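> what's the 3D shape of this:
(chains A and B)
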Amino acid sequence: MPLHRRLGGGPLLLAVCALAVACTSTASDQGTPLVVDDFGDTVRLAAPATRIVSLNPVTTEVLIAIGARERLVGRTHWDLGAAEVPDVGDGMQPNVEAILAQRPDLVVLYESPANRGAVERLRAAGITTIAFRTDRVADLARVAPVLGAAVGDRPAGITVAAAVRATIDSVAALPRRERPVRAFWHIWDAPLLTIGRGSYLTELLEAAGGRSLFDDLAAPSPQVTLEEIVRRDPDVILAGPAGAEAIRRHPGWAAVRAVREGRVLVVDTALVGRPGVRMGEAAAHLRRLLDDVRVP
Amino acid sequence: MRRPVWILLVAVALAAMTLALAAGAVPLPVGEVWRALFGGGDVTTGAIVRGLRLPRVLLGFVVGTGLAASGAALQSTLRNALAEPYLLGVSGGAAVGAVLSVVLGLTAPALLPLSAFVGAAGAVVLVLGVARAAGGRADPRMLLMAGVVVGAFCTAAIMVALATAPEGTVRGALWWMMGSLGDARWSVVLWVSAYVLVGGALLLWWGRDLDVLALGEEAAASLGLDVERTTRRVFLAASLLAAATVAGAGLIGFVGLVVPAIARALGARGARATIGAAAWLGGTLVVLADLVARTALRPAELPLGAVTALVGVPFFLWRLRAAAAR
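Predicted coordinates for the structure are as follows:
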């Protein structure tokens, strides 16, 4: 049960929340860390977790990076990087019974209204449950220390996040072109999805000396039309192998100048696919792609 | 229907297509559109007009034609002004056929309409069977109820098929089920047109039989018409039309309902005139609906099926009231 429900409000809660928000994880008067997750719930991490179900590939990745691989007892179906950890199904609207069957003492989820029900049911079953939204680059620096604290090693979380940040910053510090390369990032074909301001990919692209063609749209992955891409006339197209194939196959894409002139860059989707511990590598990968292209 | 009305229908259709070729994220003057159509103009304009908009506009027109002709034929055979491929579950059946064929990896533009047709024909048999079991298809509401039930079953079947489908097909399939002309390629335009031409030609060929059937089953039988065979033939042709449109553009509802009614209001009498006028009007309606779909929420795109439903549902309710009052 979330702590604030038990406390029922008052100045003490306000003080705890203020502290908790300021540094996400802090020591309470009883010596155990308190965290405020992205649902706004205050959760006490009583003892270092030993059986963790992580239903967000990003948090799975972070837990492995801070040396907690042996403590993972569940991951999502899509978490191919942690194949030896038992698969408990989907990360959104997860199967609560499959999670309980792993007898976890900590469950980490992606923060979304679709997961609210699962969080309530897991907490009702007495399991410490926290949910974080991991969409932006800065989310890692917020979440990794909490996960570190959850396994009794907050410094490891801080180190992992700092290392990723440092790599991204070093890519961003490389010499730049006169103007950023304007890139359309092809995420999905039908409907046509790209990256907006809310996506870490927009940030990584900026660190790599590019600029998302649709950085004026707030959503992480907004839907757009092919004609709008023609109108905005990007310098390059970024797409995964399947997306690049779809662009080659559909003759309508010839209306986009960058496609006609052969500036479709194939990104390593496994590397850039999630805002996790490989974001620094991803930024360097994007920088290399953009470096190799001659923009008019 | 008088000649000036026919000329008006064709003129409005051409005007709608010209407008749809000129309007969009990149607005083009009509003069430039014409130049690009015949191979002139700069590269980007040519690519927008010939590569992007022309196949899309033509596919929209053909899909609208097929849906409207299918609706007109179903309405006249069933003597029910509320009959329509989408509401009767025929489009849903076609979607099941198409989804199964995609899941099995059979995605050729020539093949997809055929597997959709198998699904559509199956749905027709089911709907008529359910309606008959529930007290006869003479009651328009009973038939619609059967259509809704079969449609729901089809949606469930699609969900089951998608649950086992490879990752990635699901989102694409759900988008396609809401109707979209976004995948308009020349191969798709050609194959859908071919099937719509065959289905439409068959319906016009059997137009006189449809007129006789419109007198009522007993009267038609007494005039020497093989009622069962004619009904079956018309259902199959109407299913082929609906299936081709579903394979080309997904589920687009209510066109087959609204358009034949407008055709009759314009003075179309008899099956051939109604189907013919509905074909022109249906094409025009879908081309304009798609124009709304791709420009209303720029830079995003609305599902085409949502646009036609926003127009179609109020119209349906109004017709339902009229049918219930009778």
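> What values do phi and psi take at A:I52?
Backbone geometry at A:I52, expressed as degrees, to the nearest 10, gives phi -110, psi 130.
> can you list the weak-confidence ranges in the chain?
Unless you meant another one, I'm taking chain A. Within chain A, the ranges that satisfy pLDDT under 70 run A:1-32.
> My question was about chain B, not that one.
In chain B, residues with pLDDT under 70: B:136-140, B:166-171, B:326.
> Kindly report the residues of it close to chain A.
Selection of chain B residues close to chain A by CB under 8 Å from any CB of the partner chain yields B:24-26, B:43-44, B:47-48, B:51-52, B:55, B:167-168, B:171-172, B:175-176, B:180, B:182-186, B:294, B:298-301. For the C-beta atoms, the positions are set from N, CA and C on the backbone; glycine is no exception.
> ok, of those, which come out buried?
B:24-26, B:44, B:47-48, B:51-52, B:55, B:172, B:175-176, B:180, B:182-185, B:294, B:299-301 (16 or more other CB atoms under 10 Å in any protein chain shown).
> Just give the number of residues close to the closest residue in space to B:V26 that isn't next to it in sequence.
Nearest non-adjacent residue to B:V26, counting by CB to CB, 6 or more residues apart in numbering or on different chains: A:R231, 4.7 Å away. Using other CB atoms under 10 Å in any protein chain shown, the number of residues around A:R231 comes to 18.
> a helix runs through A:R231, doesn't it?
Yes: counting by DSSP: H, G, I helix; E, B strand; the rest coil, A:R231 falls inside a helix.
> Look up how far A:G209 lies from it.
24 Å (CB to CB, to the nearest Å).
> so is A:A49 in a helix, a strand, or just coil?
Recorded secondary structure, A:A49: coil (three-state DSSP).
> Against chain B, how distant is it?
30 Å (CB to the nearest CB, to the nearest Å).
> ok, that residue - contacts?
By CB atoms under 8 Å, 6 or more residues apart in numbering or on different chains, the residues touching A:A49 are A:71, A:104-106, A:128, A:150-151.
> count of neighbours near the closest residue to A:V171 other than its chain neighbours?
Distances taken as CB to CB, 6+ apart place A:A283 nearest to A:V171, at 4.2 Å, with adjacent residues excluded. A:A283 has 29 neighbours, counted by other CB under 10 Å.
> Tell me which helix or strand A:A283 sits in.
helix A:279-291 (DSSP states H and E).
> Leaving out sequence neighbours, find the closest residue to the residue in the stretch 151-300 of chain B that chain A sits nearest to.
When distances are taken as CB to the nearest CB, the stretch 151-300 of chain B reaches nearest to chain A at B:P299, 3.9 Å away. Of all residues not flanking B:P299 in the chain, A:E228 sits nearest, at 3.9 Å (CB to CB, 6+ apart).
> Tell me which helix or strand that neighbour sits in.
A:E228 belongs to helix A:226-232 when assigned by DSSP H and E.
> Can you verify my assumption that A:G81 contacts A:V58?
No: the criterion here is CB atoms under 8 Å, and A:G81 misses it with A:V58 at 10.7 Å.
> and the two? which has more neighbours close in?
Just comparing A:G81 and A:V58: by other CB under 10 Å the higher neighbour count belongs to A:V58, 26 against 16.
> Name the surrounding residues that touch the helix or strand containing the more buried one.
With secondary structure defined by DSSP H and E, A:V58 is part of helix A:57-65. Applying CB under 8 Å, 6+ apart, the contact partners of helix A:57-65 are A:52, A:54, A:69, A:71-72, A:75-76, A:78-79, A:81-82, A:85, A:91, A:108, A:132, A:134, A:139-140, A:143-144, A:147, A:151, A:157, A:160, A:274-278.
> One more: stretch A:216-232?
Outside stretch A:216-232, the residues that reach it (CB under 8 Å, 6+ apart) are A:135, A:182, A:184, A:187-188, A:191-199, A:213-214, A:252-253, A:255-256, B:24-26, B:44, B:47-48, B:52, B:182, B:294, B:298-301.
> now stretch B:288-298
Defining contact as CB under 8 Å, 6+ apart, one finds that stretch B:288-298 is touched by A:225, A:227-228, B:16, B:19-20, B:23-25, B:56-57, B:60, B:180-181, B:301-304, B:306-308, B:311.
> Run a quick neighbour tally on residue 181.
Chain wasn't specified; assuming chain A. By the criterion of other CB under 10 Å, A:V181 has 23 neighbours.
> that answer is for a different chain, and I need it for chain B
Counted with other CB under 10 Å, B:L181 comes out at 26.
> Secondary structure class of it, three-state.
Put simply, B:L181 is coil when judged by three-state DSSP.
> how far away is it from A:A190?
Distance from B:L181 to A:A190, by CB to CB: 11 Å.
> So which elements touch the longest helix that chain A contains?
Using DSSP state H to define each element, chain A has its longest helix at helix A:154-172. Judged by 3 or more CB pairs under 8 Å, 6 or more residues apart in numbering or on different chains; DSSP states H and E, the packing partners of helix A:154-172 are helix A:57-65, helix A:137-150, helix A:200-207, helix A:279-291.
> Pull the distance from the third one to the chain's centre.
The one in question is helix A:200-207. Distance of helix A:200-207 from the chain centroid (CA atoms, centre = their mean, to the nearest Å) equals 13 Å.
> is that helix anywhere near chain B?
No: figure legend: helix A:200-207 not in contact with chain B (CB under 8 Å from any CB); closest approach 15.4 Å.
> Can you name the secondary structure element that comes next after that helix?
With elements assigned by DSSP H and E, the helix or strand that comes after helix A:200-207 is strand A:210-212.
> Identify all contacting residues around that following strand.
By CB under 8 Å, 6+ apart, the surrounding residues in contact with strand A:210-212 are A:180-185, A:194-197, A:199, A:201-202, A:205-206, A:236, A:286, A:290.
> With just CA atoms, put stretch B:266-284 into PDB.
C-alpha atoms of stretch B:266-284 as PDB (Å, rounded to 0.1, in the frame of the first residue of the first chain):
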ATOM      1  CA  LEU B 266     -31.700  12.500 -57.700                       C
ATOM      2  CA  GLY B 267     -34.300  10.600 -59.600                       C
ATOM      3  CA  ALA B 268     -32.600   7.300 -60.300                       C
ATOM      4  CA  ARG B 269     -35.200   4.600 -60.900                       C
ATOM      5  CA  GLY B 270     -34.600   1.000 -61.700                       C
ATOM      6  CA  ALA B 271     -31.600  -1.100 -60.600                       C
ATOM      7  CA  ARG B 272     -29.300  -0.200 -63.500                       C
ATOM      8  CA  ALA B 273     -29.700   3.600 -63.100                       C
ATOM      9  CA  THR B 274     -29.400   3.400 -59.300                       C
ATOM     10  CA  ILE B 275     -26.200   1.300 -59.500                       C
ATOM     11  CA  GLY B 276     -24.700   3.500 -62.200                       C
ATOM     12  CA  ALA B 277     -25.500   6.800 -60.400                       C
ATOM     13  CA  ALA B 278     -24.400   5.400 -57.100                       C
ATOM     14  CA  ALA B 279     -21.100   4.400 -58.600                       C
ATOM     15  CA  TRP B 280     -20.300   7.900 -59.700                       C
ATOM     16  CA  LEU B 281     -21.600   9.500 -56.500                       C
ATOM     17  CA  GLY B 282     -19.800   6.900 -54.300                       C
ATOM     18  CA  GLY B 283     -16.500   7.600 -56.000                       C
ATOM     19  CA  THR B 284     -17.000  11.300 -55.500                       C
END
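> what are the ranges of the helices in the stretch 1-150 of chain A?
Taking DSSP state H, counting those that start in this stretch to define them, one finds helices in the stretch 1-150 of chain A at A:3-7, A:11-23, A:57-65, A:96-100, A:113-124, A:137-150.
> tell me the SS of B:A81?
Assigned by three-state DSSP, the conformation of B:A81 is coil.
> Test my guess that it contacts B:R319.
Yes: the pair B:A81 / B:R319 is scored as a contact, 6.1 Å apart, by CB under 8 Å.
> Out of these two, name the residue with the larger neighbour count.
The residue with more neighbours, out of B:A81 and B:R319, is B:A81; 19 against 16, by other CB under 10 Å.
> Compute the distance between the more buried one and A:A101, please.
Per CB to CB, B:A81 is found 56 Å from A:A101.
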